[in-house]
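> Let's see this in three dimensions:
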Amino acid sequence: MDSVTFEFTGEVWEWRGPAPYHFVSVPEDLCDEVREAAELVSYGWGMVPVSLRIGRTSWTTSLWPKDGGYVVPLKDKVRRAESVQLGDTVTVGMEIRLSM
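Residues are numbered from 1 along each chain as shown. Prediction:
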């Protein structure tokens, strides 16, 4: 197996730090599978490189570990392209490549 893919829905939420970030949480029931894949590809602080898709927009980033789970950071460019606002529910397609 070269990759694992997931699709899930979640609400866009905001973390207000020095710069605001928007995220979607990976559902708890998928986190064990993500953790298994992460053992093969994770780097510094438990970050997991992924390819993502919302609507017709695709991009690469890394999942961030948070509170025993993972969150997807949403780039402003992606949110603008897909007209995604704080509080919206979005469907996220995610791929974790297990081999480089």
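> which one's the longest helix in the protein?
The longest helix of the chain (DSSP state H) is helix 28-41.
> What mean pLDDT does the helix or strand harbouring residue 94 get?
Per DSSP states H and E: residue 94 is located in strand 89-97. In this model, strand 89-97 has a mean pLDDT of 96.
> And stretch 44-63, by the same measure?
Mean pLDDT, stretch 44-63: 93.
> List the buried residues in it.
In terms of neighbour count (16 or more other C-beta atoms under 10 Å), stretch 44-63 has its buried residues at 47-50, 52-54, 61-63. In short, each C-beta sits where N, CA and C put it, glycine included.
> now do stretch 89-98
Residues of stretch 89-98 classed as buried: 90, 92, 94-97 (neighbour count, 16+ other C-beta under 10 Å).
> Now that we have the residues you listed, can you turn them into CSV and tack on distance to residue 69?
Shown next, in CSV, are the buried residues of stretch 89-98 (distance: C-beta to C-beta, whole Å):
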residue, distance to residue 69
90, 17
92, 14
94, 14
95, 18
96, 15
97, 21
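> What strands flank the strand holding residue 94, and is each parallel or antiparallel?
In the sheet, strand 89-97 lines up against strand 3-16 (antiparallel), strand 48-54 (antiparallel) (DSSP bridges).
> Turn these into JSON lines, including distance to residue 29.
Output for the strands paired with strand 89-97, formatted as JSON lines (distance: least, C-beta to C-beta, whole Å):
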{"stretch": "strand 3-16", "distance to residue 29": "9"}
{"stretch": "strand 48-54", "distance to residue 29": "17"}
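> Mind listing the residues bridging to the most centrally placed residue in the chain?
The residue lying closest to the centre of the chain (C-alpha atoms, centre = their mean) is residue 72, at 2.6 Å. Beta-bridge partners of residue 72, counted by DSSP bridges, are residue 24.
> Would you mind pulling the contact partners of stretch 91-100?
Stretch 91-100 is contacted by residues 1-10, 24, 26, 34, 37-38, 40-41, 48-54, 72 when judged by C-beta atoms under 8 Å, 6 or more residues apart in numbering.
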